[in-house]
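Enquirer: Coordinates for the following, if possible.
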Amino acid sequence: MPTDEEPLPEPIQGLGSTSACPTGDPAQAQSAPLVSPEGLARLGGPFIDAHAHLFPDRLMAAIWRAFRADGYALQHEGTSATVADALLRTGAERLFLLVYAHKAGMAASLNDWLYTVTRDEPRFVPFGTVHPDDADRAAIVSRCLIDQGFAGLKLHCSVQRMPCDDPRLDPVYEIVQDAGRAVIIHAGTAPYRDAHTGVVHARRLVARFPDLKVVFAHLGMWEVEAFGALAAANANVYLDCSSVIAYPRFTAQMDLDWLGGFFEQLADKILWGSDYPYLESDYEAPLLGLWEMGLSAAAVAKIRHDNAQRLLAVIRPEVVRSV
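Expert: Numbers count the residues shown, from 1 in each chain. As a prediction, the model looks like this:
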């Protein structure tokens, strides 16, 4: 992840295009979709990507460097423009675009940048961010949720160096809850095992804010079973499965038969996400991997589309109506 020495993202006016939504190089825009027609047919219906990322170029470059330093062989390095263009060629009905701020003082401009990028592209569903050390946390969150219409927030406990139940975030959660929006949180211990992660913090958060709509990213890896129990016991808690399916770095350490049963049992609570562009595989592999896990057609439909659609219908109903 970026270090404190990395420069802050500037409040960029678009991405070098007269359009608020970049399409990148015209030749690239005409390249093959990231999910083949055969793959889309095999899915049996539309899909929603509930976990993808887009950052300004300087911040994105810093994140690429950090992943490479940690030994990740990522397959989709690019600029904000090329990543945005690629996401629009996935065939996804909707794409949740997530940002996070690794230090104080950058969340407001990062959210403004994301708003500029997404406001004219109906397939993009923006999730902003805030840092616990921001002095104006309430104002930052109110601006992106209320004024700019974001669907929610994204928090990353390891990168932001805070547990999800940090009391500094209580006013933030109150605003999200009162606005009827959602928060997506990387609270699990993968790939970083530290004092900021773990299901113990997630349980405390859910107990304090039972009406807060929370999506715990990456199935809460490595405490998948415990996060699953938390989702099963709480109506407003969901999981996303980004960077899990077809991701040997993690699946090699799991019982895949058990994991398939877990997906089937919690098919009403899991949202599919790619984690694009931070993938060591092609985009299609984790999507078609739903079928390769031996899931029922009903479970696949819920995970690839219906659960995210149902969540959107609550937190951003106008987005659903615009399909």
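Enquirer: Low-confidence bits of the stretch 201-323 of the chain, can you list those?
Expert: Along the stretch 201-323 of the chain, segments meeting pLDDT under 70 span 321-323.
Enquirer: What helix or strand is the residue nearest to the spatial centre of the chain located in?
Expert: By Cα atoms, centre = their mean, the chain has its centre lying nearest to His51, at 2.8 Å. His51 is part of strand 48-53, with elements assigned from DSSP states H and E.
Enquirer: Then Ala298?
Expert: Judged by DSSP H and E, Ala298 forms part of helix 297-301.
Enquirer: where do the strands sit along the stretch 101-250 of the chain?
Expert: For the stretch 101-250 of the chain, the strands defined by DSSP state E, counting those that start in this stretch cover 124-128, 152-156, 182-186, 213-216, 237-240.
Enquirer: would a markdown table of the ones you listed with mean neighbour count be doable?
Expert: Glycine gets a C-beta too; all of them are placed from N, C-alpha and C. Listed next are the strands of the stretch 101-250 of the chain as a markdown table, based on neighbours: other Cβ atoms under 10 Å:
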| stretch | mean neighbour count |
| --- | --- |
| strand 124-128 | 26 |
| strand 152-156 | 26 |
| strand 182-186 | 26 |
| strand 213-216 | 25 |
| strand 237-240 | 26 |
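Enquirer: Would you convert those strands into TSV that also reports distance to Val300?
Expert: Formatted as TSV, those follow (distance: least, Cβ to Cβ, whole Å):
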stretch	distance to Val300
strand 124-128	21
strand 152-156	25
strand 182-186	22
strand 213-216	19
strand 237-240	15
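Enquirer: quick one: contacts for Leu259?
Expert: 224, 244, 251, 293 (Cβ atoms under 8 Å, 6 or more residues apart in numbering).
Enquirer: Compare these and tell me which has the most neighbours.
Expert: When those are compared by neighbour count (other Cβ atoms under 10 Å), Val244 ends up highest, at 26 neighbours.
Enquirer: isn't it right up against Met221?
Expert: Yes - Val244 is within contact range of Met221, at 6.7 Å (criterion: Cβ atoms under 8 Å).
Enquirer: Overlap of the contact sets of the two?
Expert: If you check Val244 and Met221 against Cβ under 8 Å, 6+ apart, the residues they both contact are Phe250.
Enquirer: Let me know the helix or strand that Ala84 is in.
Expert: Counting by DSSP H and E, Ala84 is part of helix 80-88.
Enquirer: after that helix, next one along is what?
Expert: Next element after helix 80-88 (DSSP H and E): strand 94-98.
Enquirer: Not counting that following strand itself, show me its contacts.
Expert: Against strand 94-98 from outside (Cβ under 8 Å, 6+ apart): 48-54, 87, 114, 117-118, 123-127, 129, 151, 154, 184, 273, 308-309, 312, 319, 323.
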